[in-house]
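In: The following comprises the amino acid sequence and a computationally predicted model.
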Amino acid sequence: MSPFSVWGTKMWFADRFARTGAELARRHGLAVVGVGGGAGREAVIGRTIVEKVAEAGGKAVSLVGETSIGELKAVIKGARLVLANDSAPVHVAAAFNVPTVAIFGPTARKWGFFPLSERAIVVERLGLECRPCHIHGPQKCPKGHFRCMNDIQVEDVVQAVENLLR
Ligand code: SF4
């Protein structure tokens, strides 16, 4: 699980990642490995996700801020599934043909950033007039409502994961 991006609006919410991890642990016994760069706020988010999954009775560990690029690739290659924002881990997973659920907010397929893998599912808010709004994703939603991410619920992501695990 990689809940980060350098672009603010490309990030789905940390608490929803945590709830998703907890739900997947509860329903399917999946263990969560949190990855991503950054040893400050990101590491706190990683620990929070671990706590939530543990509260749900699942296994989780945070490697946020602790992996080299090579180690990150190894973790992704060994994963049963990758769940991430529109960010580098999605493309690493595609390169290794690891099943992937990618969450896309302000960007869209027509700009070419979708994972090039048949084993990937993109969760996105279709039919939103303001979307896509920026080639990368602005740091803050220019409309203020941030519906491209706000409208994506935990159950949407859990179902995408379940579809890939079948
Ligand atoms: S303007 Fe629309 S697409 Fe852009 S960040 Fe806000 S909700 Fe998302």
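Out: Sure thing, it's come through.

In: right, and the helix or strand after the helix or strand of the chain with the lowest mean pLDDT?
Out: The weakest-scoring helix or strand in the chain, judged by mean pLDDT, DSSP states H and E, is helix 41-55 (a mean of 91). Downstream of helix 41-55, the first helix or strand assigned by DSSP states H and E is strand 60-62.

In: what mean pLDDT would you report for that following strand?
Out: Averaged across strand 60-62, the pLDDT comes to 95.

In: where along the protein do the helices fall?
Out: 14-28, 41-55, 69-77, 88-95, 147-150, 154-165 (DSSP state H).

In: Can you get me a residue count around the residue nearest to residue 104 when sequence neighbours are not counted?
Out: Closest residue to residue 104 apart from its sequence neighbours, by CB to CB, 6 or more residues apart in numbering: residue 124 at 4.4 Å. C-beta here means a position set from N, CA and C on the backbone, and glycine is covered the same way. The tally of other residues near residue 124 (other CB atoms under 10 Å) stands at 24.

In: Tell me which residues touch residue 124, please.
Out: Counting by CB atoms under 8 Å, 6 or more residues apart in numbering, residue 124 touches 103, 104, 105, 108, 148, 152.

In: swap in residue 114?
Out: 102, 104, 120, 122.

In: tell me which parts of the chain are close to the ligand?
Out: Residues of the chain found near the ligand (CB under 6 Å from any ligand atom) are 9, 105-106, 128, 130-131, 133, 141-143, 145-148.

In: Generate a ChimeraX selection restricted to the buried subset of the residues you listed.
Out: Only the buried entries of those go into this ChimeraX selection, using 16 or more other CB atoms under 10 Å:
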select :9,105,106,128,131,133,141,146,147,148
